[in-house]
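J.: Curious how this folds, go ahead:
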Amino acid sequence: MILEFPPYYSKFQCVAGNCPDTCCRDWELDLDDETYYRYQVVPGPLGEKIRGLIREEDGYRFFPLTKEGFCPFYDGSDGLCGLIKKLGPDILCQACDEYPRYFGCCGNYEQRDLSLSCPEAGRLFFETPGIPRLLRVELPDSEEQDPLTKEETDRLQAVLAERNRVLESLRGAAGEDLESDLKAAGIFFPAAPQEVADLCSKQEEMNTRWKAQKAGILAAAVHYADWNEAFVRAVPGEQDWFFKLAAYFVFRYWIDAYFAENEELDFAPQIRLTCRCLVQLRLMCLAAFHEKGHFTVEDMVWTCHLFSRQVEHSDENLDLFRN
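T.: Numbering: from 1, shown residues only. Have a look, this model is predicted:
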């Protein structure tokens with residue numbers, strides 16, 4: 001088993017009640033079978049409450065959100081999970097236990113990273129200088145893994161080679177003009193601010209704060225030239241942040257080309273997705289800067305947090321940017 005992951009991946013630890021937001025908000029998470037059956041034997045009133053809250057629709061089991069948009073076991077008094085407080089961390093479902101980690105698996109290869117929808121993951125990401133080199137670990141293969149055929153192995157190696165080429169190109173870039181360096185890496189797509197703003201208007205609403213964010217994006221697209229000029233003058237480190245984000249999207253999404261149905265490898269959907277994501281993030285940054293009059297790395301972490309919750313946790317929204 002071969003694992004690849006950025007160096008900050010292993011440093012992550014949930015900050016729980018000290019988090020500026022909560023992953024218990026806006027998301028209805030599916031309960032995996034193991035957790036569902038574990039919940040069936042939780043004793044006492046708490047077990048009855050758990051079982052009474054579980055809903056099942058279209059073959060999925062989940063806890064419905066409260067009218068305020070929170071998991072029913074979220075404790076607003078301290079920002080902690082009520083189930084963990086009473087039963088310990090082993091009671092969590094797989095989705096809650098793994099978040100914000102994500103895994104991309106192909107046979108005996110697996111890539112791992114942290115989602116920027118988690119503020120603490122974002123802090124680690126931007127705290128790490130430059131575009132970090134991936135760590136590679138080899139573990140014994142598991143009997144549960146389905147071995148790849150030679151054709152599948154060749155396809156995977158071609159995808160990883162192209163991903164690594166792009167990452168190396170971004171590392172070697174001058175870091176002064178992102179558009180030029182994306183072109184040099186062969187991954188540029190001309191995503192105009194107004195075009196991306198129009199796509200944002202079509203996105204599935206993934207959180208209760210999206211309406212306000214969308215209004216800011218639309219305004220930033222209209223005033224893009226002036227707002228961007230002021231932003232660049234006031235925030236000297238912003239170019240480095242967007243180079244890091246370009247590498248983040250490449251690492252996270254290039255592997256999707258392996259699973260595409262087309263026989264010939266085609267990275268065009270990943271290129272469109274990357275460039276449109278970068279433009280949406282820029283529009284969000286401009287809107288926040290225009291509103292506040294300043295912009296720090298903490299603001300960048302928060303902007304990425306809101307972006308990722310809206311875009312990266314919705315297959316529908318990701319497809320809008322891929323197609």
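J.: Following the chain past the helix or strand encompassing Cys96, name the next helix or strand.
T.: Taking DSSP states H and E as the criterion, Cys96 maps to helix 94-98. Using DSSP H and E, the helix or strand that follows helix 94-98 in sequence is strand 101-106.
J.: Beyond that following strand, next helix or strand please.
T.: Criterion used, DSSP H and E; the element after strand 101-106 is strand 109-114.
J.: so what does that following strand touch, helix or strand wise?
T.: strand 2-5, strand 101-106, helix 119-127, helix 238-253 (3 or more C-beta pairs under 8 Å, 6 or more residues apart in numbering; DSSP states H and E). All C-beta atoms are positioned from the backbone trio N, CA, C, and that covers glycine.
J.: Give the rounded mean pLDDT of it.
T.: For strand 109-114, the mean per-residue pLDDT is 96.
J.: What's the separation between the residue of the chain most remote from its centre and Cys285?
T.: The outermost residue of the chain, judged against the average C-alpha position, is Gly44 (37.6 Å), by C-alpha atoms, centre = their mean. Distance, Gly44 to Cys285, by C-beta to C-beta, to the nearest Å: 49 Å.
J.: Spatially nearest residue to Phe126, not counting backbone neighbours?
T.: In space, and not counting its chain neighbours, Phe126 is closest to Val297: 5.5 Å by C-beta to C-beta, 6 or more residues apart in numbering.
J.: Restrict stretch 281-292 to CA atoms and write it as PDB.
T.: C-alpha atoms of stretch 281-292 as PDB (Å, rounded to 0.1, in the frame of the first residue of the first chain):
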ATOM      1  CA  LEU A 281     -12.000  32.400  -4.200                       C
ATOM      2  CA  ARG A 282     -10.500  35.600  -5.500                       C
ATOM      3  CA  LEU A 283     -14.000  37.200  -5.800                       C
ATOM      4  CA  MET A 284     -14.700  36.100  -2.200                       C
ATOM      5  CA  CYS A 285     -11.500  37.700  -1.100                       C
ATOM      6  CA  LEU A 286     -12.200  40.900  -2.900                       C
ATOM      7  CA  ALA A 287     -15.700  41.100  -1.400                       C
ATOM      8  CA  ALA A 288     -14.300  40.500   2.100                       C
ATOM      9  CA  PHE A 289     -11.500  43.100   1.600                       C
ATOM     10  CA  HIS A 290     -13.900  45.700   0.200                       C
ATOM     11  CA  GLU A 291     -16.200  45.200   3.200                       C
ATOM     12  CA  LYS A 292     -13.500  45.300   5.900                       C
END
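J.: Name the residues of that stretch that are buried.
T.: Neighbour counts over stretch 281-292 (16 or more other C-beta atoms under 10 Å) mark 281-290 as buried.
J.: Which of the helices and strands packed on strand 109-114 comes out lowest on mean pLDDT?
T.: strand 101-106 (a mean of 93).
J.: elements contacting that strand?
T.: Contacts defined by 3+ C-beta pairs under 8 Å, 6+ apart place strand 101-106 against strand 109-114.
J.: picking up where we left off before, got the helices and strands packed on strand 109-114 as a markdown table, with distance to Gly59 columns?
T.: A markdown table is the format used below for these (distance: least, C-beta to C-beta, whole Å):
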| stretch | distance to Gly59 |
| --- | --- |
| strand 2-5 | 31 |
| strand 101-106 | 22 |
| helix 119-127 | 30 |
| helix 238-253 | 27 |
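J.: rewinding a little: ok, the buried residues of stretch 281-292 vs Glu261, which is closest?
T.: Among these, Leu281 lies closest to Glu261 (C-beta to C-beta), at 29.3 Å.
J.: So the closest one sits against His305, correct?
T.: No. Contact status for Leu281 versus His305: not in contact, 11.1 Å apart, counting by C-beta atoms under 8 Å.
J.: quick one: which of the buried residues of stretch 281-292 sit in helices?
T.: Among those, the members falling in helices (DSSP state H) are 281-290.
J.: Return the mean pLDDT over the helix or strand encompassing Arg163, rounded to an integer.
T.: Following DSSP H and E, the helix or strand that holds Arg163 is helix 150-171. Averaged across helix 150-171, the pLDDT comes to 96.
J.: same check, this time on stretch 217-232
T.: On average, stretch 217-232 scores 97.
J.: Just the CA trace of it, in PDB.
T.: Output in PDB follows, covering the C-alpha atoms of stretch 217-232 (Å, rounded to 0.1, in the frame of the first residue of the first chain):
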ATOM      1  CA  ILE A 217     -19.200  37.600  -5.300                       C
ATOM      2  CA  LEU A 218     -21.600  39.300  -7.700                       C
ATOM      3  CA  ALA A 219     -20.500  42.700  -6.600                       C
ATOM      4  CA  ALA A 220     -16.900  41.800  -6.800                       C
ATOM      5  CA  ALA A 221     -17.300  40.600 -10.400                       C
ATOM      6  CA  VAL A 222     -18.900  43.900 -11.400                       C
ATOM      7  CA  HIS A 223     -16.100  45.900  -9.700                       C
ATOM      8  CA  TYR A 224     -13.300  43.400 -10.400                       C
ATOM      9  CA  ALA A 225     -10.700  45.700 -11.900                       C
ATOM     10  CA  ASP A 226     -10.800  48.400  -9.200                       C
ATOM     11  CA  TRP A 227     -11.300  46.000  -6.300                       C
ATOM     12  CA  ASN A 228      -8.500  43.700  -7.400                       C
ATOM     13  CA  GLU A 229      -6.100  46.500  -8.000                       C
ATOM     14  CA  ALA A 230      -6.700  47.800  -4.400                       C
ATOM     15  CA  PHE A 231      -6.400  44.200  -3.000                       C
ATOM     16  CA  VAL A 232      -3.100  43.500  -4.700                       C
END
